[in-house]
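**Student:** When you get a sec, could you give me coordinates for this:
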Amino acid sequence: MSEANEQDRLRVVQIPVRALLLRATPRAAATPVRAYVSRTAHTRSCKPPCTLAHPRIDTTAATAQYSSIPETDTRYEEGDVVATPDGRGVVAAVLTSEFEFPTGEGEDDENVTAVDASDAQPAYVVGLGPETIGSAVYRASVLETSDLEDDDATQSTAGDGDAEALTPIVNDDVTGLDDLPEGWDRDSVLEFWSSIGGSWESCVEEMTDELGEDRAKANCSAMKDEVMRTQRWRNRF
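**Tutor:** Next up, the predicted model:
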């Protein structure tokens, strides 16, 4: 390979930071809630100019990993807005090994449901709203891409064959919103959770510059409590 081609292959590409931050833009910041979301959702620790090396990517391993997955099954990521048999929601976790999902009240073993999951057949934990409040676990085959802001978006996949959740819906009495900014409600939390990538780690990263690390962790834990409608996700996934 010539020196010119090698330099071209390993060229450094300038990536607009803001274009990497959000897959879904929250509603216009017409309220203090959405103004807060808009401000914190665009915070990154990266200082300009932010650059990413762009080497050639070997896709052999990825191709082998997903070769056993039915072509009809769509892959979803944390933060994706989806329609479920129980209404719309935000993917709050993508799990690829067996885990226990909280169902009934209390911490006892009889109050959890064991869920099988693998790389070939992930389990998707979805925080539900606004049609249903709570969270449950689903397979990709019963989910469909949706939108929290579009009234014409698919709201439910109920009636599509055997579409149903793998677990009962959990909806504990949580007080997560008590620690969140004034004016926040469940819809605000779901919109924000989607906008920052749908994970506790990404939430903390986004909010640390605004609130400091300790307050960011506390607020993000409270928000995930509210997304899940239970605190019993902690130490589980």
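
**Student:** Just give the closest residue to Val174, not the sequence neighbours.
**Tutor:** Asp225 (4.7 Å; CB to CB, 6 or more residues apart in numbering). Bear in mind the C-beta positions are built from the backbone N, C-alpha and C, glycine included.

**Student:** all strands of this structure, in order?
**Tutor:** Listed in chain order, the strands of the chain (DSSP state E) span 12-14, 51-53, 81-84, 87-95, 99-102, 112-115, 123-128, 134-138, 144-145.

**Student:** Kindly compare burial across those and name the winner.
**Tutor:** Mean neighbour count, computed with mean count of other CB atoms under 10 Å, is highest for strand 123-128 among the strands of the chain, reaching a mean of 27.

**Student:** helices and strands around that strand, which ones?
**Tutor:** Where contact means 3 or more CB pairs under 8 Å, 6 or more residues apart in numbering; DSSP states H and E, strand 123-128 is packed against strand 81-84, strand 87-95, strand 134-138, helix 213-228.

**Student:** Paired strands for it, with orientation please.
**Tutor:** strand 87-95 (antiparallel), strand 134-138 (antiparallel) (DSSP bridges).

**Student:** Can you check what angle separates the first one from helix 213-228?
**Tutor:** So the one you mean is strand 87-95. 120 degrees (axes from the mean of the first three to the mean of the last three CA atoms, to 10 degrees).

**Student:** and the nearest residue to Thr154 once chain neighbours are set aside, what does it touch?
**Tutor:** Spatial nearest neighbour of Thr154, chain neighbours left out: Ala83 (4.2 Å); criterion: CB to CB, 6+ apart. By CB atoms under 8 Å, 6 or more residues apart in numbering, the residues touching Ala83 are Leu143, Glu144, Thr145, Ser146, Ala153, Thr154, Gln155, Ser156, Thr157.

**Student:** Check Glu78 too.
**Tutor:** Val91, Ala92, Ala93, Val94, Gly197, Gly198, Ser199, Ser202.

**Student:** Switch those over to TSV; also include pLDDT.
**Tutor:** Formatted as TSV, these follow (pLDDT from 0 to 100):
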residue	pLDDT
Val91	97
Ala92	96
Ala93	96
Val94	96
Gly197	93
Gly198	94
Ser199	94
Ser202	94
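
**Student:** Return the member of these nearest to Asp185.
**Tutor:** Ala92 (17.4 Å; CB to CB).

**Student:** Enumerate every residue touching that closest one.
**Tutor:** Contacts for Ala92 (CB under 8 Å, 6+ apart) come out as Glu78, Val125, Val126, Gly127, Ser135, Trp193, Gly198, Ser199, Lys224, Val227, Met228, Trp233.

**Student:** if you set the cut-off to 10 Å instead, what comes out?
**Tutor:** 78-79, 124-128, 135, 190, 193-194, 198-200, 224, 227-228, 233, 237 (CB atoms under 10 Å, 6 or more residues apart in numbering).

**Student:** show me where the chain has helices.
**Tutor:** Assignment of helices within the chain using DSSP state H yields the ranges 3-9, 17-21, 32-40, 60-65, 186-195, 200-211, 213-228.

**Student:** Mean pLDDT lowest where, among those helices?
**Tutor:** If you rank the helices of the chain by mean pLDDT, helix 17-21 sits at the bottom with a mean of 30.
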